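Undergrad: Generate a structure from the sequence data that follows.
(one chain, ligands or ions: 1)
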Amino acid sequence: MLRDRVAVITGSTSGIGLGMARAFASAGCHLIINGFSPAGEAQAIFEEIEHEHPAKVRHDPADLADADQCVRLIEDAEKAFGRVDILINNAGIQYVAPVDQFPVERWNAILALNLSAAFHTTRAVLPGMQARGYGRIVNIASVHGLVASVHKAAYVAAKHGLIGLTKVVALENAGRGITCNAICPGFVLTPMVQKQIDDRAGKTNIPPEEASRYLLHEKQPSGRFVTIEEIAAMALYLCSDGAANLTGTSIPIDGGWTAQ
Ligand code: NAD
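TA: All right, here's what the predicted structure looks like:
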């Protein structure tokens, strides 16, 4: 479906990003995988993907909390593959605390990675996409780009900002073969959410399975986690020819969370 397209997927050594990397490789894309991982693990991931699919894969460990490294990630991808057709801004982190106790350095780190990094990579990738008249930008936002929850000030602010950025990029590039959309997942069971489950289990002295049920019951009417495959399927659709006139949207995949 996306044979020989070149995709940069940020934060793709784990969780949702890694699932999307596998899905895009199976659709025929060449990939730049980005993110941190223990020594040798990223190598093992991309060797596995290259072994299973006819994809060329590179790992770039750029720290996207740093603006210069965001730009370098795109420049190096263009040098290595000749172009970038698809950019998926996925890397993100979380920290949970009441606003009045929220550490300033955590606020700055979350805004830098969850919002500013998408600005820097998008800014760097657009000139090439505009010159070629083709591009797909998918921002992995969150239900927290649409609604709020307590103790997530930086995350909610960054994800709301990311949806605003998505709309502006879509408008400025409408009619030029370039689309920009956001996906807004509810709870997906990745290391990021497992940490929240473990923290809650620790604080309330209940088993992790019970903390996980409580988390879902509180927010997600479907009563189950969104799967990584469900997110990847939507990202693939947004990058398909069928979605060529779909731009500036924020699509929840949240088991009914934001319908309440
Ligand atoms: P994860 O923790 O499993 O993966 C995060 C990835 O980002 C990893 O590859 C990590 O190495 C990378 N990363 C972290 N800091 C980085 C940095 N400074 N520079 C480059 N890469 C960095 O998380 P996940 O749950 O898969 O989340 C992926 C995205 O989905 C995030 O933007 C998150 O906000 C969003 N999201 C997740 C959920 C969920 O329930 N898991 C829900 C909604 C939205």
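
Undergrad: Could you pull out the helices in the protein for me?
TA: 15-26, 41-52, 67-81, 104-111, 117-132, 153-173, 191-204, 208-219, 228-238 (DSSP state H).

Undergrad: How about the contacts made by residue 49?
TA: Neighbour list for residue 49: 21, 22, 25, 31, 33, 55, 57 [criterion: CB atoms under 8 Å, 6 or more residues apart in numbering]. Any C-beta I mention is one placed from the backbone N, CA and C, and that applies to glycine too.

Undergrad: returning to what we had before: present the helices of the chain as CSV; the columns should include distance to residue 93 and mean pLDDT.
TA: Shown next, in CSV, are the helices of the chain (distance: least, CB to CB, whole Å; pLDDT from 0 to 100):
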stretch, distance to residue 93, mean pLDDT
helix 15-26, 11, 96
helix 41-52, 18, 88
helix 67-81, 15, 98
helix 104-111, 6, 98
helix 117-132, 11, 98
helix 153-173, 8, 99
helix 191-204, 7, 91
helix 208-219, 18, 93
helix 228-238, 17, 98
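
Undergrad: how about those helices in TSV, adding distance to the ligand?
TA: Listed next are the helices of the chain as TSV, based on distance: least, CB to the nearest ligand atom, whole Å:
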stretch	distance to the ligand
helix 15-26	2
helix 41-52	9
helix 67-81	8
helix 104-111	8
helix 117-132	7
helix 153-173	7
helix 191-204	4
helix 208-219	10
helix 228-238	8
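
Undergrad: deepest of those, which one?
TA: helix 15-26 (a mean of 24; mean count of other CB atoms under 10 Å).

Undergrad: okay, the angle between that one and helix 41-52?
TA: Angle of helix 15-26 versus helix 41-52, following axes from the mean of the first three to the mean of the last three CA atoms, to 10 degrees, is 30 degrees.

Undergrad: tilt between helix 15-26 and helix 228-238?
TA: On the basis of the same axes, to 10 degrees, helix 15-26 is oriented at 50 degrees to helix 228-238.

Undergrad: Dump helix 15-26 to PDB, keeping only the CA atoms.
TA: Presented in PDB, the C-alpha positions along helix 15-26 are these (Å, rounded to 0.1, in the frame of the first residue of the first chain):
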ATOM      1  CA  GLY A  15       5.000   0.900  22.600                       C
ATOM      2  CA  ILE A  16       2.800   2.600  20.000                       C
ATOM      3  CA  GLY A  17       5.800   3.800  17.900                       C
ATOM      4  CA  LEU A  18       7.300   0.300  17.600                       C
ATOM      5  CA  GLY A  19       3.900  -1.100  16.700                       C
ATOM      6  CA  MET A  20       3.500   1.500  13.900                       C
ATOM      7  CA  ALA A  21       7.100   0.800  12.700                       C
ATOM      8  CA  ARG A  22       6.200  -2.900  12.200                       C
ATOM      9  CA  ALA A  23       2.900  -2.000  10.500                       C
ATOM     10  CA  PHE A  24       4.500   0.600   8.100                       C
ATOM     11  CA  ALA A  25       7.300  -1.900   7.300                       C
ATOM     12  CA  SER A  26       4.700  -4.500   6.400                       C
END
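
Undergrad: which helices and strands does it pack with?
TA: strand 6-9, strand 30-34, helix 41-52, strand 86-89, helix 228-238 (3 or more CB pairs under 8 Å, 6 or more residues apart in numbering; DSSP states H and E).
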